[in-house]
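Chemist: below are the sequence and a predicted model; questions follow.
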Amino acid sequence: MPGDSGVNVEGSCEALCRTLVSQNGLQRETADISQSVLYTSLMGLLLVADNEKEHLSLGSGRVGLRNIGNTCFLNAVVQCLSHTRSLRDYCLLMSYRDEKFSKEEAKLMAAFSQVLSGLWDVNNGGTVVNPQRFYSIFKEAVPYFSGYSQQDAQEFLRFLLDKLHTEINRRPCVRRTGKEPQPKFARFRISEEAAAMWKKHLERDDSGIVDLFSGQLRSSLHCSVCSHYSNTFDVFCDLSLPIPKRSSAGGVTLRECLELFSQEEKLDKENSPMCERCNRHTECTKRLSIQRFPQVIVIHLNRFTTSRWSISKSTVYVSFPLTELDLGRYGPADCGPVLYDLYAICNHAGTVNMGHYTACCSDQNGWCFYNDSSVSPVSEHQLQTNQAYVLFYQRSNSTTAVRK
């Protein structure tokens, strides 16, 4: 264990900081490398070097989940999270118990970890795991999901990650009084402004969930009257992408969805925020980009559209890469390639009112199809369908490729 290694943590953090700074070409006094990040990085390195003491005995993971009443949405999402290896290991080792600030029991995290333990039990010969206790505790935390009606998988994922984060937050709970105004950083570069906002976020929200799933979006506004540029930064745990309109027979690519998401949008006076320089609402343009890339990026294909009277579903086929999805073009100008590999898919079959969720997940032996309690191998060429709803990608290239 790290505590047995005889390493001076404070001195090692400083040494690690110097290494990270030199690799990224940053100045020490402006580098956004918090003590918490350094400590986490150092502990990760020590755990890798000392992994024999933290070895996990894992089964195949190819185990189904019982449907306990219209819970296919839950089963599909849990299978995808179960194959998020860093999260799985974090839960099974119960690392969160030593990290969380709150002294209260992390009931939901413990129940979620228990489900993962059943799915990856080396002695499980294929016995289906019952998520009843986990779902009951989740419904206590989020009463909106009570009852037996069908729920949206992506909405469930957002609520679940948020509640898990709250339980295992390394920071004390701070009650928010609404959206706080962002400070002005007129004299700073965009990267410094973004780093300051990210540091402020970590001062209140810092957990194993944030380490894996949280990224930072930049919204850039350009006033058409005075040409003033302003930026706001928001944290995200998934990207919800619009699907370009096509006939049911025509398909689109994930890149086209990303281009539509990041393309410049014109805002009229009624829908634009107040210009900081003009001090009034003016016509402007808005563009979204990714300022900070997460280790795991969850991409939601927004197939459901709500109108005044109804909800409709798009069945347009969206093709997506299985490896080396490059998101660098949607980040800062100098970030270079940012590559991700696909490891899980949450699918939705059927209509708005009569639908069913399944999952396809990758492990060391290939891909498997998870349909509640049923599990079967699936080939790569069967993954791409018009039922793909939520895509899970893991960062594959070095984080030093992106300037922090």
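Modeler: Okay, I see it. Numbers count the residues shown, from 1 in each chain.

Chemist: not counting its own residues, what contacts stretch 63-70?
Modeler: 74-75, 78-79, 115, 118-121, 124, 126-132, 135, 148-151, 370-375 (C-beta atoms under 8 Å, 6 or more residues apart in numbering). Every C-beta, even on glycine, is put in place using the N, C-alpha and C of the backbone.

Chemist: and that stretch, which residues are buried?
Modeler: Neighbour counts using 16 or more other C-beta atoms under 10 Å place Val63, Gly64, Leu65, Asn67 of stretch 63-70 among the buried residues.

Chemist: one more: stretch 238-246?
Modeler: Going by neighbour count (16+ other C-beta under 10 Å), the buried part of stretch 238-246 is Asp238, Leu239, Leu241, Ile243.

Chemist: so how far is Tyr340 from the second one?
Modeler: What it means is Leu239. Remark: distance between Leu239 and Tyr340 (C-beta to C-beta, to the nearest Å) = 11 Å.

Chemist: ok, which stretches of the stretch 101-250 of the chain are helices?
Modeler: Using DSSP state H, counting those that start in this stretch, the helices of the stretch 101-250 of the chain run over 107-119, 132-141, 153-168, 190-202, 208-213.

Chemist: helices or strands up against the shortest one?
Modeler: Contacting helix 208-213 under the criterion 3 or more C-beta pairs under 8 Å, 6 or more residues apart in numbering; DSSP states H and E are the following elements: helix 85-92, helix 153-168, strand 296-301.

Chemist: would you say Leu260 is within a helix?
Modeler: Yes. Using DSSP: H, G, I helix; E, B strand; the rest coil, the secondary structure at Leu260 is a helix.

Chemist: find the centremost residue of the chain, please.
Modeler: The centroid of the chain falls nearest to Phe213 when counting by C-alpha atoms, centre = their mean (3.1 Å).

Chemist: so that residue makes contact with Phe293?
Modeler: No. Taking contacts as C-beta atoms under 8 Å, Phe213 lies outside contact range of Phe293: 11.3 Å.

Chemist: contact partners for Cys278?
Modeler: With C-beta under 8 Å, 6+ apart, Cys278 has these contacts: Cys223, Val225, Cys226, His228.

Chemist: let's see 6 Å
Modeler: For Cys278, the contact set (C-beta atoms under 6 Å, 6 or more residues apart in numbering) comprises Val225, Cys226.

Chemist: same deal with Thr282?
Modeler: Cys223, Val225, Cys275 are the contacts of Thr282 under C-beta under 6 Å, 6+ apart.

Chemist: what do you get if the cut-off is 7 Å, keeping everything else the same?
Modeler: Cys223, Ser224, Val225, Lys269, Ser272, Cys275 (C-beta atoms under 7 Å, 6 or more residues apart in numbering).

Chemist: now Asp372
Modeler: Gly64, Leu65, Asn67, Cys72, Asn75.

Chemist: recalculate using a threshold of 8 Å.
Modeler: Neighbours of Asp372 in contact, by C-beta under 8 Å, 6+ apart: Gly64, Leu65, Arg66, Asn67, Cys72, Asn75, Thr358.

Chemist: show me the residues you listed that map onto helices.
Modeler: Residues of those located in helices (DSSP state H): Cys72, Asn75.

Chemist: may I see the PyMOL selection of the buried members of the contacts of stretch 63-70?
Modeler: Remark: buried members of these, expressed as a PyMOL selection using 16+ other C-beta under 10 Å:
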select buried, resi 74+75+78+79+115+118+119+120+121+124+128+129+131+135+150+151+370+371+372+373+375
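
Chemist: where are the low-confidence patches of the chain?
Modeler: 1-54, 175-188, 247-249, 398-404 (pLDDT under 70).

Chemist: remind me, longest strand of it?
Modeler: If you go by DSSP state E, the chain has its longest strand at strand 339-350.

Chemist: centre of the chain to that strand, how far?
Modeler: How far strand 339-350 lies from its chain's middle: 13 Å, per C-alpha atoms, centre = their mean, to the nearest Å.

Chemist: again with stretch 148-159
Modeler: 16 Å.

Chemist: can you check stretch 216-225 too?
Modeler: 23 Å.

Chemist: same question, stretch 362-369
Modeler: Centroid separation between stretch 362-369 and its chain, computed with C-alpha atoms, centre = their mean, is 21 Å.

Chemist: contact partners of that stretch?
Modeler: With contacts defined as C-beta under 8 Å, 6+ apart, stretch 362-369 is touched by 60-62, 83, 342-344, 358-361, 375-380, 382-383.

Chemist: make a PyMOL selection of the buried ones in the residues you listed.
Modeler: Buried subset of the contacts of stretch 362-369, written as a PyMOL selection, criterion 16+ other C-beta under 10 Å:
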select buried, resi 60+61+62+83+342+343+344+358+359+360+361+375+378+383
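
Chemist: re earlier: joint contacts of Leu239 and Tyr340?
Modeler: Shared contacts of Leu239 and Tyr340, defined by C-beta under 8 Å, 6+ apart, are found at Ile297.

Chemist: ok, for Cys80, nearest residue in space, not its chain neighbours?
Modeler: In space, and not counting its chain neighbours, Cys80 is closest to Ala344: 3.9 Å by C-beta to C-beta, 6 or more residues apart in numbering.
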